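>>> The amino acid sequence is not available; the structure is as follows:
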């Protein structure tokens, strides 16, 4: 999704082409590796008769492997290059997800997550940030929101498409079609666009003339260690809590909606959530003032999702209007939970530290939310006898509590004197 031409300060600025490529990477990465597992959970339940807890544990393994890779993603980029890692991630995603479809025994399902988890790491949030951030400084909120909207488009397109393809071609056939398309598109896209850098092309961030970028001074973390920095710890804690709730709810939302809406309409509802994510992320990315407190914006985002979880709770598994209202409220905050992290890191840390902060927090939060599908699956099974349909009330309450805590941690870690004010976008 290219940005308007007026945003380029110099003719031929290549950064927005990189944003467009990152948009496509995010579309496939999230559409397959993030929004796919909830559909896979329902399909494996129906076709194999495996319990919710077992398949949820496989989703946890998928995300946990991804977390381990994300923690070392910068090293992989240094050794092999962004192009090679992105292509390998596309191939691993396709093969891993095909393994999900062909698994006849639980151990085969868990083995497949080793590949699919690597693929998620190379096409997820930290990867998109690594692609886009070198090209932007002042306009980074708009650039990242545009690139991350590919994630939401992936959900809008693939959530209902997975249901249709699986119904028509079977689980393995659907995986082959989508995985093959992902490998072909990303393989061809990575080299010509993602293999470029601003320095190699003689360009500066935001399309400014080389050597005219404004400096952004900031003190290094106290003691040289991020683990003793309150800003880092509160960002990591809040992101982990918020994404734990978000991934746990998403992993089970489709199967919770099916009894009331049916499989096809539940897929449409999942697409509605991601359509709302596009609206929420785009509005925040383009309208957030340069000097705004991004922690406050992120806290408000988690509170909005908390309201969505409570409305889903109030629906009681039977009220279609309340179910859809809850999906909308939850969806409006869905995209910002990911895209606000690099923006908060940019405001709280020096440029030399921001990339490392984003990668490390992404790894920490992914290691935490990797357990969310399994934890929420166990919560559903434990809550089913007393908590209404399929244990949904206990699940929605847990999600709302985690989102509320995430907002509190972010606000509690605010340090106005440490916030770096970026230059005006009009500079």
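Right, received. Where do you want to start? Fair warning: this is a prediction, and the values are worked out from it, not measured in the lab.
>>> quick one: buried residues of stretch 187-197?
Of all the residues in stretch 187-197, those buried under the rule 16 or more other Cβ atoms under 10 Å are 189-190, 193-194, 196. Yep, even glycine has a C-beta here, placed from its N, CA and C like the rest.
>>> pLDDT and secondary structure added to the residues you listed, as JSON lines?
Converted to JSON lines, those look like this (pLDDT from 0 to 100; DSSP: H, G, I helix; E, B strand; the rest coil):
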{"residue": "189", "pLDDT": "91", "secondary structure": "helix"}
{"residue": "190", "pLDDT": "91", "secondary structure": "helix"}
{"residue": "193", "pLDDT": "92", "secondary structure": "helix"}
{"residue": "194", "pLDDT": "91", "secondary structure": "helix"}
{"residue": "196", "pLDDT": "88", "secondary structure": "coil"}
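>>> Which of those residues sits closest to residue 62?
Of all these, residue 190 has the smallest distance to residue 62: 22.7 Å, by Cβ to Cβ.
>>> Mind listing residues that contact the helix or strand bottoming out on mean pLDDT in the chain?
Lowest on mean pLDDT, DSSP states H and E among the helices and strands of the chain sits helix 372-383, with a mean of 78. With contacts defined as Cβ atoms under 8 Å, 6 or more residues apart in numbering, helix 372-383 is touched by 37, 41, 51-53, 55-57, 59-60, 63, 243-245, 247-249, 251-252, 390-395, 398-399.
>>> Then stretch 88-102?
Residues from elsewhere that reach stretch 88-102, judged by Cβ under 8 Å, 6+ apart: 28-29, 32-33, 36, 40, 44, 58, 80, 108-109, 111-123, 127, 170-172, 174-176, 178-180, 182-183, 186-187.
>>> and with 7 Å instead?
With contact meaning Cβ atoms under 7 Å, 6 or more residues apart in numbering, stretch 88-102 is reached by 32-33, 36, 40, 108-109, 111-113, 115-116, 118-119, 121-123, 171-172, 175-176, 179-180, 182-183, 186-187.
>>> out of these, which are buried?
Among these, those scoring as buried are 32-33, 36, 40, 109, 112-113, 115-116, 118-119, 121-123, 171, 175-176, 179, 182-183, 186 (criterion: 16+ other Cβ under 10 Å).
>>> So which of those are in strands?
Among these, no residue falls in strands (DSSP state E).
>>> follow-up on the earlier one: please produce a ChimeraX select command covering the buried subset of the contacts of helix 372-383.
Restricted to buried positions by 16+ other Cβ under 10 Å, the ChimeraX selection for the contacts of helix 372-383 reads:
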select :37,41,52,53,55,56,57,59,60,63,243,244,245,247,248,249,251,252,390,391,392,393,394,395,398,399
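>>> list the buried ones in stretch 78-90?
82-87, 89-90.
>>> and the residues you listed, which of them are in helices?
Per DSSP state H, helices hold the following members of the buried residues of stretch 78-90: 82-87, 89-90.
>>> Quick check: residue 22 touching residue 128?
Yes. With contacts counted by Cβ atoms under 7 Å, residue 22 reaches residue 128, the gap being 5.1 Å.
>>> Need the overlap of contacts for these two.
Both residue 22 and residue 128 are in contact with residue 147, where contact means Cβ under 7 Å, 6+ apart.
>>> More neighbours: these two, which one.
More crowded of residue 22 and residue 128, by other Cβ atoms under 10 Å: residue 22, with 30 against 25.
>>> where's the more buried one, which helix or strand?
helix 15-33 (DSSP states H and E).
>>> name the helices or strands packed onto that helix?
Here helix 15-33 touches helix 82-102, helix 106-123, helix 125-132, helix 140-189, going by 3 or more Cβ pairs under 7 Å, 6 or more residues apart in numbering; DSSP states H and E.
>>> Now do the helix or strand residue 324 falls within: everything it contacts.
Assigning secondary structure by DSSP H and E places residue 324 in helix 320-332. With Cβ under 7 Å, 6+ apart as the test, helix 320-332 has contacts from 257, 260, 269, 272-274, 276-277, 279-280, 304-305, 307-309, 311-312, 314-315.
>>> pLDDT on that helix, on average?
For helix 320-332, mean pLDDT rounds to 92.
>>> relative to helix 140-189, how tilted is it?
Here helix 320-332 runs at an angle of 90 degrees relative to helix 140-189 (axes from the mean of the first three to the mean of the last three Cα atoms, to 10 degrees).
>>> What's the first helix or strand after helix 320-332?
Next in sequence after helix 320-332, counting helices and strands by DSSP H and E, comes helix 336-348.
>>> what pLDDT does the closest residue to residue 160 other than its chain neighbours get?
Closest residue in space to residue 160, ignoring its immediate chain neighbours: residue 267 at 3.9 Å, by Cβ to Cβ, 6 or more residues apart in numbering. On pLDDT, residue 267 comes in at 78.
>>> Give me the contacts around the strand or helix carrying residue 267.
Residue 267 is part of helix 263-287 when elements are defined by DSSP H and E. Applying Cβ under 7 Å, 6+ apart, the external contacts of helix 263-287 come out as 35, 141-142, 144-146, 148-149, 152-153, 155-156, 159-160, 163, 253-254, 257-258, 261, 297, 324, 327-328, 330-336, 339.
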